[in-house]
Every structure is written in C-alpha cells, then in structure tokens.
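Enquirer: I'd like to go over a predicted model; first the sequence, then the structure.
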Amino acid sequence: MKHQDAAVARPEYPDRVGAAIVDDLDGLYRFALLLTGDSHAAQDVVQETAVRALAAAGGFRGDASARTWLHRIAHNVVIDAARRSGRVVPTAQVEALWRDDDYTVDTAEVVARAADRAELEDALIRLPETQRTAVVLHDVEGWTVLQIATATEISLPAAKQRLRRGRMALVTALAAGPERRRQPQGTPMRCWDARQHVSDYLDGDLPDTEVGQVEAHLERCPTCPPLYAALVGVHDEMGRLRDTDTVVPDALARRITAMIEHRDTPA
C-alpha cells in the first residue's frame, strides 16, 4: 500500500479479507479512479468496496482470488451508482460507426491524444461502465479475459465482446477532426467483418485461418489500417497507465485501516 504519509504504516492482519484489502488498496484505488474519473468518487468506491467486503467476509469461499473478488465488488459499486444516476450511454452509436465501411480515424491524432493522460482519461470515462471495466482490467492491469469474466460474473464470450466494444469506443472517443471517407476496393472481407476480429487479432487470439484474412484485408483496405493502428497505439498507452505511481490519499488509507482494525479487535 502506497500513500502520501509514510507514517501510516502497513499493519499485518490475520484475517484474509482484511489483509487482501490492504494488499490491493493501490490497485483498487487506481481501478476506481479510472472508472469514475474523480478522486472523491474513487475514494467512495474503495471505501464502499471495503465495507461490503468486510460485511461479506464470512461468505468468501475462495472460489476466486481475493483480488478478483474485491474488484468484482468495486465494479458492482460503480454499476450501482451509475444505475441510481440514471445515466445511459448510447453504445449502439459507436458500433454503428465501426460497421460503416467508410468510417476511419486519423491514427496520429488519436494516438497523440491517448499519450496525453488527461485526454485519455477523459475519453475513457465516456465508455459504459461495463466496457470501461473490461478495458481497464485488461489493458491497464494486465488481467486475462477469463479473469475479467470471472470477476464480473459473465461468460467468456461476453467478456471478449465488452473488451472489443470498449476498445472501439475508446478510439472513437479519442478521434477528432474530419473523418476520411473512402470506398474500399478489392478487399477480401467486408470492413465490419474484419473490424469484429481486430481485437482478438491484437491479442493473438484469432485462429490462423482468420489471421490471414484479416491481414489481407488490412493490406488492401484504405480505411481499416488507421483504425487498427489506433487500437494498437491506444492499447500501448493504456498499458503505460499501469506504470503510474498511483498515490492513495492519506485519509482513505487511514479510514480503511481503521475499519479493518475495528473489525479485528475482540469485543
């Protein structure tokens, strides 16, 4: 646990859940910060996550790792808050854009915006919470799609779909300037067919039979290569967020420590 005041020492807790909260506090706070885009909201998410985790500690069977379990709780806290706010994100609009064979982006401009942390975080917060969770856990925290599916209690195909849609939405949110609309000619696949596979292609999860088709399409299509290059560039910049020294606020560290200590103190 890293925080601003070195005097707030990390204690050792015999309780598995309390120890897991302390061990993963940095990751939980970074996760909450990227999901909410606001330090105060992120602190509320982490605190509510700790409250729920400690209350449910007796029912934690260890079917998943404590880290996965805690991130599942944090994800649910964010989703619950979004539902209460009534906020609705028109996700179909992004997929409709990517279905349009003429849709493309300026790769250099998109990746340059992604390299600006403020721009990247502003674009990230525009994603639906479920997609944002998938992108942050996979591209920032380095989780596998299976781990994401386990943490969010969805199927593996559903987790892959959230990651694919989230990556597309992130590139679209970062895109700026006039869209270049050109008619692809002589391509072996329809653009949307290729674009549905580029997320798996990026991760090396595409079957060999489809890899060749996607690569042939990217060689000939005038609109898809910039989109794919933007996905690669933004993916790389997302990975760099993991290297950011996220500082847990002192007050949050003290509140979490006090909560766990109070729970572990015999009555």
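Expert: That came through fine.
Enquirer: residues making contact with stretch 192-207?
Expert: The contact list for stretch 192-207, computed with Cβ atoms under 8 Å, 6 or more residues apart in numbering, reads 98-99, 101, 145, 160, 163-164, 167-168, 187, 210-211, 213-214, 217-218, 221, 224, 227-228, 231-232, 235. C-betas here are computed from N, CA, C, even on glycine.
Enquirer: again but with stretch 41-58, I slipped
Expert: With Cβ under 8 Å, 6+ apart, stretch 41-58 has contacts from 15-18, 20-21, 25, 28-29, 32-33, 35-36, 60, 69-70, 73-74, 77-78, 81, 249, 251-252, 255-256, 259-260, 263.
Enquirer: so for that stretch, what's the average pLDDT?
Expert: Per-residue pLDDT over stretch 41-58 has a mean of 89.
Enquirer: and what of stretch 126-133?
Expert: 89.
Enquirer: by contact count, what packs against the helix or strand harbouring residue 98?
Expert: Using DSSP states H and E, the element containing residue 98 is helix 91-99. Secondary-structure packing of helix 91-99 (3 or more Cβ pairs under 8 Å, 6 or more residues apart in numbering; DSSP states H and E): helix 156-174, helix 191-203.
Enquirer: If I average pLDDT within each of the ones you listed, which one is lowest?
Expert: When the helices and strands packed on helix 91-99 are compared by mean pLDDT, helix 191-203 comes last with a mean of 88.
Enquirer: what comes up buried for the host helix or strand of residue 19?
Expert: In this structure, residue 19 sits in helix 16-23 according to DSSP H and E. Using 16 or more other Cβ atoms under 10 Å as the test for burial, helix 16-23 gives 17, 18, 20, 21, 22, 23.
Enquirer: which residues of the chain fall in helices?
Expert: According to DSSP state H, the chain carries its helices in the segments 16-23, 25-36, 39-55, 66-85, 91-99, 107-115, 117-124, 129-135, 145-152, 156-174, 191-203, 208-220, 224-240, 250-264.
Enquirer: any idea how far the closest residue to residue 163 other than its chain neighbours lies from residue 226?
Expert: Nearest residue to residue 163 in three dimensions, chain neighbours excluded: residue 134, at 4.4 Å (Cβ to Cβ, 6 or more residues apart in numbering). Distance, residue 134 to residue 226, using Cβ to Cβ, to the nearest Å: 23 Å.
Enquirer: Between the two, tell me which one has more neighbours.
Expert: residue 134 (30 against 20; other Cβ atoms under 10 Å).
Enquirer: Just list the residues touching the more buried one, thanks.
Expert: 148, 152, 159, 162, 163, 166.
Enquirer: now do residue 145
Expert: Applying Cβ under 8 Å, 6+ apart, the residues near residue 145 are 138, 156, 159, 160, 163, 203.
Enquirer: And it, what's its pLDDT?
Expert: Residue 145 is given a pLDDT of 95.
Enquirer: do the same with residue 228
Expert: Residue 228 is given a pLDDT of 93.
Enquirer: Near it, how many other residues are there?
Expert: 21.
Enquirer: wait, residue 249 sits on residue 40?
Expert: No: counting by Cβ atoms under 8 Å, residue 249 stays clear of residue 40, with 9.4 Å between them.
Enquirer: When those two are compared, which one has more neighbours?
Expert: The neighbour count for residue 249 versus residue 40, taken as other Cβ under 10 Å, is higher for residue 249 (17 against 9).
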